[in-house]
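Enquirer: quick one, structure for this:
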Amino acid sequence: MVASREVGTATDGSEASGQSGEVVASREVGTATDGSEASGQSGEVVVSRPAACAHNPATGGVFARDIKVYPSPHPNLSMTADAMSRDEIDGALRDTGAGVLSLTDGAETYAVPESFGYDGDAVYFQFMNGADSDKMHFVETTEVATLTAFTQDPARSVIVRGGLCPVADADEPIAMRAIAANATIPTVDVSLDTNPDELTFAFYQLCPDERSGRAFGVSPPVPGA
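Expert: Here you go, the predicted model:
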């Protein structure tokens, strides 16, 4: 990446003025995704510290002046993202056992961390709720739920989308076995606001209409780069 001497970034990439204390203008030729700046020289990363700024009369704003240069941990490398196969997705779901379940009522969204079991056909949850559960309100109004599961080592993410519905009584043993086999927390009995005797437990299943996954890594160095 080529560095910007970051003095701020307008949404259209042009310079912008502002009040003192704002980072308002940029001669942007490349900015790292974490908000730091990268130099044009191989193996170096330039990071500005916004707290150390000097007033810039030309813009009415400020510009960063405390610039540090650090060696890049991965010189000449670039990130890769490869689509996962169905077998890899199934394996990741079984290994992970927990993720973020996103629900909606058509106007608002509700995302909650959930343990889950997976048997290759459906994702199973054991929901715990009280009488006025926000989660159950969104469960009942969601037509298409989204489950996101991810790991850092190895770096990968899986997204599953589909309908969410109660598990039939006859199928509860299937849900129990899947949850016991690979959910991160098979059962939960803690609620900050509700007496445990007032809690209700219910099995639900997400029947996937879509499964997708990405595995992330870095490319090998380019010879002569």
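Enquirer: which of the helices and strands in this structure ranks last by mean pLDDT?
Expert: In the chain, no helix or strand scores lower on mean pLDDT, DSSP states H and E than strand 24-27, which sits at a mean of 34.
Enquirer: how about the helices in this structure?
Expert: According to DSSP state H, the chain carries its helices in the segments 86-96, 134-141, 172-182.
Enquirer: which secondary structure elements does the first one contact?
Expert: The reference is to helix 86-96. Helices and strands touching helix 86-96, as assessed by 3 or more CB pairs under 8 Å, 6 or more residues apart in numbering; DSSP states H and E, comprise strand 117-118, strand 145-152, strand 155-166, helix 172-182, strand 200-218. No exception for glycine: its C-beta is placed from N, CA and C like everyone else's.
Enquirer: T200 bridge partners, please.
Expert: Beta bridges link T200 to N129 when assigned by DSSP bridges.
Enquirer: so it versus G163, what's the distance?
Expert: 21 Å (CB to CB, to the nearest Å).
Enquirer: same check, this time on Q205
Expert: Q205 is 9 Å from G163, by CB to CB.
Enquirer: looking at these two, which is more packed in?
Expert: Taking other CB atoms under 10 Å, Q205 and G163 do not tie; Q205 has more neighbours (24 against 13).
Enquirer: need the pLDDT of the more buried one.
Expert: pLDDT, Q205: 97.
Enquirer: V218 now?
Expert: 79.
Enquirer: quick check: chain neighbours aside, which residue is closest to F138?
Expert: L103 (3.7 Å; CB to CB, 6 or more residues apart in numbering).
Enquirer: please apply the same query to T146.
Expert: T146 sits nearest to S102 (CB to CB, 6+ apart), 4.4 Å away.
Enquirer: low pLDDT regions in this structure?
Expert: 1-76, 186-196, 221-225 (pLDDT under 70).
Enquirer: domain assignment for it?
Expert: According to automatic domain parsing, the chain comprises the domains 5-75, 82-218.
Enquirer: how close does Q126 sit to P154?
Expert: Applying CB to CB, the value for Q126 to P154 is 28 Å.
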